[in-house]
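> Here is a sequence together with a model predicted from it:
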Amino acid sequence: KKMHVIHNGINLEGYESKVNAVAPPVLGFFSRMCRDKGLDAVVDAFIALKKTNRIPNLKLRVGGGCGANDEPYVAGLREKLNAKALLGDVDFCPNLSRKEKQEFLRSLSVLSVPAQFGESFGFYIIEAMASGVPVVQPHCASFPELIKATGGGITYEPVDRETLAATLEKFLNDLAQAHALGKV
């Protein structure tokens with residue numbers, strides 16, 4: 001009698017589903033800026049997509065927590081992007097307020113946080129969906145269950161980084177489908 005179940009969820013105040021698809025397309029990442037959350041995989045996928053140029057004018061927006069221990073890792077990713085002459089197509093937005101995070105999410109065409117470890121929930125998934133942003137997540141941990149329950153995105157088999165890039169390319173080439181999934 002002294003125990004109460006509190007279900008995982010978010011306060012929806014301030015979250016609004018975007019009305020139209022974002023143009024040009026924007027690939028997004030929003031979580032702690034670290035290797036464990038797969039930020040380097042998203043950066044590699046972005047570089048691969050820019051190299052093929054089959055998604056014209058593609059941009060990358062990276063948001064989330066970035067502490068002092070994360071800064072050298074993020075600096076290395078910036079250097080990698082700069083070496084490919086792509087840093088100008090990328091926005092890093094660390095440590096945003098709640099309102100800034102909501103605006104950030106609405107600016108995306110798709111969100112991917114390819115964490116490979118046992119992610120038990122992933123609030124960033126439901127925050128993206130609350131903003132009308134579809135997700136592309138690895139078929140592991142809680143992601144398949146969340147996506148099946150909501151219909152707000154797709155999963156891919158996390159075989160290698162090329163698979164992520166190929167899945168994102170297919171998804172971004174069908175922005176009508178992506179936008180429809182974001183309306184869930």
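Yes, it's here. Numbering: from 1, shown residues only.

> element containing residue 78?
helix 71-83 (DSSP states H and E).

> what's that helix in contact with?
For helix 71-83, the external contacting residues (CB atoms under 8 Å, 6 or more residues apart in numbering) are 33-35, 39-40, 43, 47, 66, 87, 90, 92, 94. From N, CA and C alone the C-beta is placed, and that goes for glycine too.

> what does stretch 122-131 give?
So stretch 122-131 is contacted by 8-10, 12, 15-18, 28, 30-31, 64, 101-102, 105-106, 108, 111, 113, 115, 134-135, 137, 141-143, 146-147, 150, 152-153, 182, 184 (CB under 8 Å, 6+ apart).

> How about the host helix or strand of residue 47, which residues are buried there?
For residue 47, the host element (DSSP H and E) is helix 39-52. Going by neighbour count (16 or more other CB atoms under 10 Å), the buried part of helix 39-52 is 39-50.

> swap in stretch 53-64?
55, 58-64.

> Please compute how far it lies from its chain's middle.
11 Å (CA atoms, centre = their mean, to the nearest Å).

> Pull up the distance across it, start to finish.
27 Å (CA to CA, to the nearest Å).

> Relative to the next helix-or-strand element following the helix holding residue 78, what are the paired strands and their orientations?
With elements assigned by DSSP H and E, the helix or strand that comes after helix 71-83 is strand 90-94. Taking DSSP bridges as the criterion, strand 90-94 forms sheet pairs with strand 59-64 (parallel).

> quick one on the thing from earlier: the helix holding residue 47 vs strand 90-94, what angle?
160 degrees (axes from the mean of the first three to the mean of the last three CA atoms, to 10 degrees).

> Return the mean pLDDT over helix 39-52, rounded to an integer.
Across helix 39-52, the average pLDDT comes to 97.
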